[in-house]
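Visitor: this one's structure only:
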RNA sequence: GUCCCCAUCGUCUAGCCUGGCCUAGGACAACAGCCUUUCGAGCUGUUGACGGGGGUUCGAAUCCCCCUGGGGACGCCA
C-alpha cells in the first residue's frame, strides 16, 4: 500500500515554525516510504479564510522545498462532496438538526464549568419531536447538524507515536458537523470535523500526522470515518513545539513567517529543515548534521518523541553554520550574493568590485552562522567616514595618540612598498616607531580608520582584500577628517 | 472541573519496549585554558540530568501504583 500523507493548513495566517514542522514530518514520512505528500487547503470557514494566506502558504512551502505531489485541494471549491457525505449520514440516521443558539450554548458551557461539570453538549436536540422541529423551523431558527455519538463503547485511537489511546464516548457529546447559516449567504458550511474526514477518506490518506492539539479530536474523527464507511487512517500526533520559556509557542515566534528565516535572516533551507527535523525526532545514532536525503532515509515516526520540545535559536544557528561550511565555494558565493541582493539597502557591500567581494566572502565563510551575519562581517568593504562613525569608534579615534598614529600611517606609504600582509606588517612596524604607541592604542586607530569598526576580521586578512591604494586613501582621509 | 498526552544535564536528545554492559552517552549553550595585538572562528578541557514517594526484583533511568509538575482538549475555529 502506498503511503499517502497530507498537510492541511487553514489559510488564516502565515506558515510559522510550528506549522512547518508538521508539514515537514508529513513530507519526510511520505518520502521515506516512497509515497505521496498531498496539500489541502482547509478553507471551510469563510469568516477567517483568506486567499492571500493560501497563496502565501503555497509560496512558502515551495520556498523551503516541501514540494507536494498532489493538490492543492481547496475545500471551499467542492461543497458537493461534503453534501453528499452528509446525505449519506442522514440516510443512516446518524445526524440530526440542532436549534440551540450560540448564545444558549455559551451560557450552558459557562454554567457547566461553574458547576464543575464537563462543559460538553448535552445532546438535547437529539430527541426533538417532529412538531418541535417544525415549530423551530417556523420560528426561522436555522439549525446546525450534529453527529450522533454512539456512547456505548470506548473509542480507540491508534497512534504511531503514543500507541493506542482510549476515549470514553460519554465525554464526547454530539458534535456539529455542519454550521447554521442565519444570513443565508452560504450553500453549505461543513465544520472541519466533517471536511477533514470526508477528504482524508476520499483522498485515500493512509497516515494522519498532525499536532498533539488534535489528539482529542481524533476519537470524533474515528467515529466519522467509520460512519462514512472509510478505512480509519493511521494516526500520529506530534508533540508540540514550545517557546524559549517552555510555554506554548509564543506570539513572538508564531509571528515570524517561515520564509523570513530564509529571506530575511538568511538561513539555508537545508539547515532550517535539519534543525526542525531534530525537534521531536532523532535518528538515534547521535547524528545531527544531516542532509535532507539522509533525514528522509533515516526517518521513522515511531521514534518521534512524545514530549514537547523548545525551539532553540542557538542550536539552529549551529546546525546552519555546519551546512554553510559544507557548501562548495561556488554555491556559497552564489547564495551569499543572492541574499545580499535581496537586502538591497546594503548597497555599500554589493557595490564593492566583484573580485574584492568574492575574496571577502571566502574570508568570512567560517565565522558566521547565517547570511544575515554577512552584513556585519563585511562592513569593512564600504569606505568609512568619520562623521558617520558609531560613538565607540569615534571615541577610539579621538583618544590621545590616535591622531599621531594615523598621521604616521598615512605618511608611511611614501616609504614602504608592497601589498597585503607584508604591507600590514611593515606599516605597523613603521607606525610603532614613529608614533611611540603600542597595543590597542596602536592597532585600533588603524583598524577603525581602515574598516570603520572596532571589530571584524583580522587586519592582515583585510589588507589582503583591500588594495594598497584603498587603504592609503582611507588612512589619509581619516587623518584629515580628524584634524578638522 | 472532566478527559487525554507527557516528564533524563539550562536546551535538543540517546538509553526505557526486551531490567544488570549506565560510576547515564552525544550535541548546543555556558565556563576555563590555548591560539588570535579586536570580534568571531578554531583547538583542549570543565561544570551539569534520571521530578518526588511507594512497591516488584538479587538488581530499576528502565516494570507497576500514587503524587507533583507541564501541555492539550472540552467552539456553529481549524
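Guide: Nice, thanks for sending it over. Values in this document were obtained by computation on a predicted structure and should not be read as measured data.

Visitor: Next, the buried residues of stretch A:231-240.
Guide: By 16 or more other C-beta atoms under 10 Å, the buried positions in stretch A:231-240 come out as A:232, A:233, A:234, A:235, A:236, A:237, A:238, A:239, A:240. (C-beta placed from N, C-alpha, C; glycine too.)

Visitor: residues in contact with the third one?
Guide: Counting by C-beta atoms under 8 Å, 6 or more residues apart in numbering, residue A:234 touches A:158, A:160, A:206, A:207, A:208.

Visitor: Just the buried ones from the residues you listed?
Guide: Burial by neighbour count, judged by 16+ other C-beta under 10 Å, picks out A:160, A:206, A:207, A:208 from the contacts of residue A:234.

Visitor: Can you tell me which of those residues is nearest residue A:100?
Guide: Taking C-beta to C-beta as the measure, residue A:100 lies nearest residue A:208 of the buried ones among the contacts of residue A:234, at 29.9 Å.

Visitor: Does the closest one have any beta-bridge partners, and if so which?
Guide: With DSSP bridges as the criterion, residue A:208 is bridged to residue A:235.

Visitor: coming back round to it: pipe the contacts of residue A:234 into a markdown table and attach distance to residue A:430 and pLDDT per row.
Guide: Output for those, formatted as a markdown table (distance: C-beta to C-beta, whole Å; pLDDT from 0 to 100):
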| residue | distance to residue A:430 | pLDDT |
| --- | --- | --- |
| A:158 | 79 | 96 |
| A:160 | 71 | 97 |
| A:206 | 75 | 98 |
| A:207 | 72 | 98 |
| A:208 | 73 | 98 |
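
Visitor: Now the two most distant members of those.
Guide: So, the contacts of residue A:234 by C-beta to C-beta: farthest apart are A:158 and A:206, at 12.4 Å.

Visitor: And residue A:133, which helix or strand is it part of?
Guide: Element membership for residue A:133 (DSSP states H and E) is helix A:130-138.

Visitor: Give me the contact status of the helix or strand just after that helix with RNA strand B.
Guide: Sequence-wise, the next helix or strand downstream of helix A:130-138 (DSSP H and E) is strand A:144-147. Yes: if you take C-beta under 7 Å from any atom of the strand as the test, strand A:144-147 does meet RNA strand B, through residue A:144.

Visitor: Please name every helix or strand in contact with the next helix or strand after strand A:144-147.
Guide: Per DSSP H and E, the first helix or strand lying C-terminal to strand A:144-147 is strand A:155-159. In terms of contacts (3 or more C-beta pairs under 8 Å, 6 or more residues apart in numbering; DSSP states H and E), strand A:155-159 is packed against strand A:163-167, helix A:218-227, strand A:234-238.

Visitor: Kindly present those as JSON lines, with separate columns for distance to RNA strand B and mean pLDDT.
Guide: Converted to JSON lines, those look like this (distance: least, C-beta to the nearest atom of the strand, whole Å; pLDDT from 0 to 100):
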{"stretch": "strand A:163-167", "distance to RNA strand B": "4", "mean pLDDT": "95"}
{"stretch": "helix A:218-227", "distance to RNA strand B": "9", "mean pLDDT": "98"}
{"stretch": "strand A:234-238", "distance to RNA strand B": "7", "mean pLDDT": "98"}
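
Visitor: Tell me which of the ones you listed sits nearest to residue A:139.
Guide: Of all the helices and strands packed on strand A:155-159, helix A:218-227 sits nearest to residue A:139, with 29.6 Å by C-beta to C-beta.

Visitor: buried stuff in the closest one?
Guide: Across helix A:218-227, burial judged by 16+ other C-beta under 10 Å covers A:218, A:219, A:220, A:221, A:222, A:223, A:224, A:225, A:227.

Visitor: For it, give me every contacting residue.
Guide: A:89, A:92, A:94, A:147, A:149-150, A:155-157, A:159, A:165, A:167, A:169, A:172, A:175, A:177, A:193-194, A:196-197, A:200-201, A:208, A:231-233, A:235, A:237.

Visitor: Just give me how far that helix sits from the chain centre.
Guide: Per C-alpha atoms, centre = their mean, to the nearest Å, the displacement of helix A:218-227 from the mean C-alpha position of its chain is 31 Å.

Visitor: try stretch A:121-138
Guide: Taking C-alpha atoms, centre = their mean, the mean C-alpha location of stretch A:121-138 is offset from the chain mean by 47 Å.

Visitor: can you pull the buried residues of that stretch?
Guide: For stretch A:121-138, by 16+ other C-beta under 10 Å, it's A:121, A:125, A:128, A:133, A:136.

Visitor: Which ones, among those residues, also lie beside RNA strand B?
Guide: With the criterion set as C-beta under 7 Å from any atom of the strand, the members of these near RNA strand B are residue A:121.

Visitor: Which phi and psi values does residue A:96 adopt?
Guide: Here is the backbone geometry of residue A:96 (degrees, to the nearest 10): phi -150, psi 160.

Visitor: Contact partners for the residue located most distally from the centre of chain A?
Guide: In chain A, counting by C-alpha atoms, centre = their mean, residue A:415 sits farthest out from the average C-alpha position, at 56.5 Å. Residues in contact with residue A:415, defined by C-beta under 8 Å, 6+ apart, are residue A:430.

Visitor: Helix, strand or coil: sort out it for me.
Guide: coil (DSSP: H, G, I helix; E, B strand; the rest coil).

Visitor: and what of residue A:97?
Guide: Residue A:97 - assigned by three-state DSSP - is strand.

Visitor: For it, grab the count of nearby residues.
Guide: For residue A:97, the neighbour count with other C-beta atoms under 10 Å is 18.

Visitor: State the distance from the closest residue to it other than its chain neighbours to RNA strand B.
Guide: Among residues not flanking residue A:97 along the chain, residue A:143 sits closest, at 3.6 Å (C-beta to C-beta, 6 or more residues apart in numbering). Going from residue A:143 to RNA strand B by C-beta to the nearest atom of the strand, to the nearest Å gives 7 Å.

Visitor: what residues are up against residue A:143?
Guide: Neighbour list for residue A:143: A:97, A:98, A:99, A:125, A:136, A:137, A:180 [criterion: C-beta under 8 Å, 6+ apart].

Visitor: The same query, at a cut-off of 7 Å, please.
Guide: Contact analysis of residue A:143 by C-beta atoms under 7 Å, 6 or more residues apart in numbering lists A:97, A:98, A:99, A:180.

Visitor: any idea how far residue A:471 lies from residue A:367?
Guide: With distances taken as C-beta to C-beta, to the nearest Å, residue A:471 is found 22 Å from residue A:367.

Visitor: Please identify which of those two sits among more neighbours.
Guide: Remark: of residue A:471 and residue A:367, residue A:471 carries more neighbours, 23 against 10, as counted by other C-beta under 10 Å.
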